[in-house]
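Student: with the sequence up front, the predicted model follows.
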Amino acid sequence: QVQLVESGGGLVQPGGSLRLSCAASGSILSINAMGWYRQAPGKQRELVATFTSGGSTNYADSVKGRFTLSRDNAKNTVYLQMNSLKPEDTAVYYCTAAIWTQTMGIMTNDDYWGQGTQVTVSS
């Protein structure tokens, strides 16, 4: 059983900063990719930032230069530092990860999602 637990969301004024955390726990063999998506009201879920299985980091154009993705491999945790926040960054932010697990000798790779954390940017 794998869980992704997010924290760090909240209300912030435009120009402010927040730091989101996502910790993966459970019977984890390895993590291929891990990052963040977001979904604003009435819009589709979109990529924010992610570490890919190839070792690179991808950012949405809308957050480049403002958001920074980092990780602590020993803790199976990723962090999203969000600076210079704008009202259009308001959304529910979801952590996602592609994780290898092993059950009864069988290894599988599945995508997991957190429950989401609300980020609201408003004066």
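Tutor: Yep, that arrived. Note that this is a predicted model, so its numbers are computed, not measured. Numbers count the residues shown, from 1 in each chain.
Student: all strands for this structure, in order.
Tutor: Residue ranges of the strands in the chain, as given by DSSP state E, are 2-7, 10-12, 18-26, 30-39, 46-51, 57-59, 67-72, 77-82, 91-103, 106-113, 117-121.
Student: average pLDDT across the fifth one?
Tutor: The average pLDDT for strand 46-51 rounds to 98.
Student: circling back to that earlier point, quick one: the strands of the chain as CSV, columns for mean neighbour count too.
Tutor: Where C-beta positions appear, they are placed from N, C-alpha and C, glycine not excepted. CSV is the format used below for those (neighbours: other CB atoms under 10 Å):
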stretch, mean neighbour count
strand 2-7, 16
strand 10-12, 14
strand 18-26, 18
strand 30-39, 19
strand 46-51, 19
strand 57-59, 15
strand 67-72, 16
strand 77-82, 21
strand 91-103, 19
strand 106-113, 12
strand 117-121, 18
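Student: leaving out the residues flanking it, which one is nearest to the residue positioned nearest the centre of the chain?
Tutor: For the chain, the residue sitting closest to the mean C-alpha position, by CA atoms, centre = their mean, is residue 36 at 2.6 Å. In this structure, residue 36 finds its nearest non-sequential neighbour in residue 48, 4.3 Å apart by CB to CB, 6 or more residues apart in numbering.
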